[in-house]
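Asks: need coordinates for the below:
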Amino acid sequence: MYQYDAIDKDLLADRSAEFRIQTERRLAGELTEDQFKPLRLRNGLYLQLHAYMLRVAIPYGSLNPTQLRKLAFIARTYDKGYGHFTTRTNLQFHWIKLADAPDIMDHLASVDMHAIQTSGNCVRNVTADPYAGATAEEIDDPRVWAEAIRQWSTVHPEFNWLPRKFKIAITAAPKDRTAAKVHDIGLVLKRARDGALGFEVMVGGGLGRLPHIGPTIREFLPANRLFSYLEAILRVYNRYGRRDNIHKARIKILVASLGREEFARQVEAEWEKIGENVDFPDTELARIRGAFAPKSFETFRNRSEVFEDAKAANPAFARFARNNLKAHKVPGYGIVEISLKAIGQTPGDASAEQMEVVADLAERYGQGDIRVTHEQNLVLPHVRLDDLPTVWAALDAAGLATPNINLVSDIIACPGLDYCALANARAIPVAQNIAEKFRDQDRAELVGELKIKISGCINACGHHHIGHIGILGVDKKGEEFYQLTLGGSGAEDAGVGSMLGPALPYDRVADAVDTVVDVYLRERQDGERFLDTVRRTGVAPFKEAVYADAT
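Replies: Model (predicted):
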């Protein structure tokens, strides 16, 4: 894991000290809320329905045990004992007092963490594959490039006041675990036939009011030219992006209005003018790469007798291994996904005690490595199979062993109207009601992969457009209604879902999802996933069943 150097540490110390003065001035009445708002937002501090919310950056979703314990300490000391992991792999504290915010910033800085650029019209937290460094699928370690982008983009003087917020995702595997195609820039690491490393560059993806799948503007960009090309993209955006209409300010609108070919032409022309001088020096990239050098792994046989015996003896452990354990590149190891979606739980929430359990397990059994996924779960990427029964037992005792990764109850949900001032409807209880419908784990496994994503408003923080089942909360004359879409995906087969029909009232949503699943089980062929069936049949059979029940 990358260790912050003196430059990083000085920046965090200076930023914390500056924010403390700004906060003291606000509390003393020397700054109005309108004057303070842009200052607090540049430090990730939002004012929501009930309290301040602090969004902590977790760059490319990587944490060490010390950092996770510090987040647990903050949750216990300054919040209500928990934190909320988001679809940007950040962590939010929803019950912060303004007077405590400077102390929290100092605590974060003490473990090389911060909230810089978790808000504002700037380059936000970079998303990377949570299996980075652990999966045999990857071409290169995407964290190397994500860290370089973090350093390049942090308080970048030219790109710190863009027309709108800006999000980048990077992946290096055929299986996209980052939703790269719905980011402002999506980067896919590739190798040319001669072995040269490069990127496929997609620009103009995004969700919200007008969802777009990002088109590819360059099939292969030499890796050593990445930063000049990113600069060219952002310069074109900075020059022509809309600043007169917040709903049309994202780069997706610019790309769509110009067209992929014309936008790409302008980027290439700008890139040619920039030249190579702004690209990261090879020595600097080598330094960063050194921080992500391959872990030291023990040599094991392909088969772990301890692991196999535990599965044979304990059906609950076997189910966990079947759903939450993923293949590691080294024999004898596994990638363990920790679900934050227990039945009845708020998706993405973890208590201080749970964070500490995960930190302890990472330290003892996971080479000190923890990841956050954009699907609001945690990952221990390097666990020996021999140790997995012990790890599972500790997770189970902490309420963290729900065996539902990628299943119907592994639901993405934004905080919704329970917390957010922008929301039109609740998202959390909808997720809880649906999960309760599928409490039967045998039925959930029968259904198989099914990604439900819920947003409380059109801003789409819950990624509803790209859910296999997407659910959007809307307000109808003061009442909560929900629009359902089917057939979306945020993976390598990305697409926006199709509307099922008229919005349903709150108390009909979980039943509607249950009906949709029943139709899928009836219609699927040859082991099709839910997504495959919907894309083959269209929404018609699902619509007929749902609205027959709704009448």
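Asks: from here on, contacts and neighbour counts on C-alpha atoms
Replies: Will do.
Asks: ok, Val201 to Val357 distance?
Replies: Using Cα to Cα, to the nearest Å, we find Val201 at a distance of 39 Å from Val357.
Asks: A helix includes Asn404, no?
Replies: No. Counting by DSSP: H, G, I helix; E, B strand; the rest coil, Asn404 is not found in a helix; it is coil.
Asks: now the residue nearest to the spatial centre of the chain. Nearest residue, chain neighbours left out?
Replies: Closest to where the C-alpha atoms of the chain average out (Cα atoms, centre = their mean) is His374, at 2.1 Å. Using Cα to Cα, 6 or more residues apart in numbering and skipping the chain neighbours, the partner closest in space to His374 is Thr87 (4.2 Å).
Asks: the one you found: how many residues sit nearby?
Replies: Residues lying near Thr87 (other Cα atoms under 10 Å) number 22.
Asks: for Leu378, same thing?
Replies: 26.
Asks: wait, it touches Ala362, no?
Replies: No. Checked against Cα atoms under 8 Å, the pair Leu378 and Ala362 is beyond contact range at 11.0 Å.
Asks: find the residues that touch each one of those two.
Replies: Common neighbours of Leu378 and Ala362, counting by Cα atoms under 8 Å, 6 or more residues apart in numbering, are Ile370.
Asks: give me the neighbour count for the closest residue in space to Gly206 that isn't next to it in sequence.
Replies: The shortest distance from Gly206 to any non-neighbouring residue, by Cα to Cα, 6+ apart, is to Val182 (4.4 Å). Neighbours of Val182 under the rule other Cα under 10 Å: 32.
Asks: now swap in Ala192 and tell me
Replies: Around Ala192 there are 12 residues (other Cα under 10 Å).
Asks: what's the answer for Arg443, then?
Replies: Look at Arg443: counted by other Cα under 10 Å, it has 12 neighbours.
Asks: so it versus Leu486, what's the distance?
Replies: Here the criterion is Cα to Cα. By it, Arg443 lies 20 Å from Leu486.
Asks: returning to what we had before: the more surrounded of Val201 and Val357?
Replies: Counted by other Cα under 10 Å, Val201 and Val357 do not tie: Val201 has more neighbours, with 24 against 21.
Asks: how close does that one sit to Ala264?
Replies: Distance, Val201 to Ala264, by Cα to Cα: 10 Å.
Asks: and what of Ser409?
Replies: For Ser409, the distance to Ala264 equals 40 Å [Cα to Cα].
Asks: quick one, which of these two is more surrounded?
Replies: Ser409 (30 against 20).
Asks: tell me the mean pLDDT over stretch 441-457?
Replies: Stretch 441-457 shows a mean pLDDT of 98.
Asks: before we move on, what about stretch 511-527?
Replies: The model assigns stretch 511-527 a mean pLDDT of 97.
Asks: tell me the phi and psi of Trp160?
Replies: Small correction: residue 160 is Asn, not Trp. Note on Asn160: backbone dihedrals following degrees, to the nearest 10 are phi -100, psi 0.
Asks: per-residue confidence at it?
Replies: On the pLDDT scale, Asn160 is placed at 93.
Asks: same question for Phe280.
Replies: Listed pLDDT for Phe280 reads 88.
Asks: pretty sure it contacts Phe227?
Replies: Yes. Using Cα under 8 Å, Phe280 is in contact with Phe227, at 6.7 Å.
Asks: more crowded one of those two?
Replies: Taking neighbours as other Cα under 10 Å, Phe280 and Phe227 compare with Phe227 leading, 21 against 18.
Asks: contacts only, for the closest residue to that one other than its chain neighbours.
Replies: Distances taken as Cα to Cα, 6+ apart put Asp279 closest to Phe227, at 5.0 Å, once the chain neighbours are dropped. By Cα under 8 Å, 6+ apart, Asp279 lies in contact with 224-228.
Asks: which ones among the residues you listed map onto helices?
Replies: The members of the contacts of Asp279 that map onto helices under DSSP state H are 226-228.
Asks: looking at those residues, spot the one nearest Asn314.
Replies: Nearest to Asn314 among the ones in helices among the contacts of Asp279 is Leu226, at 49.2 Å by Cα to Cα.
Asks: low-confidence ranges in this protein?
Replies: Filtered on pLDDT under 70, the chain yields the residue ranges 549-551.
Asks: in it, spot the helix with the most residues.
Replies: Longest helix in the chain, counting by DSSP H: helix 6-27.
Asks: which residues does that one contact?
Replies: Applying Cα under 8 Å, 6+ apart, the set of residues contacting helix 6-27 is 31-33, 36, 39-40, 43, 98-99, 102, 105-106, 109, 112, 114.
Asks: mind doing that once more with 6 Å?
Replies: Helix 6-27 is contacted by residues 31, 102, 105, 109 when judged by Cα atoms under 6 Å, 6 or more residues apart in numbering.
Asks: write the PyMOL selection for whichever of those residues are buried.
Replies: Remark: buried members of the contacts of helix 6-27, expressed as a PyMOL selection using 16 or more other Cα atoms under 10 Å:
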select buried, resi 102+105+109
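Asks: in a markdown table: the contacts of helix 6-27, plus secondary structure and distance to Asn302.
Replies: Below are the contacts of helix 6-27 laid out as a markdown table (DSSP: H, G, I helix; E, B strand; the rest coil; distance: Cα to Cα, whole Å):
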| residue | secondary structure | distance to Asn302 |
| --- | --- | --- |
| Leu31 | coil | 63 |
| Pro102 | helix | 50 |
| Met105 | helix | 45 |
| Ala109 | helix | 42 |
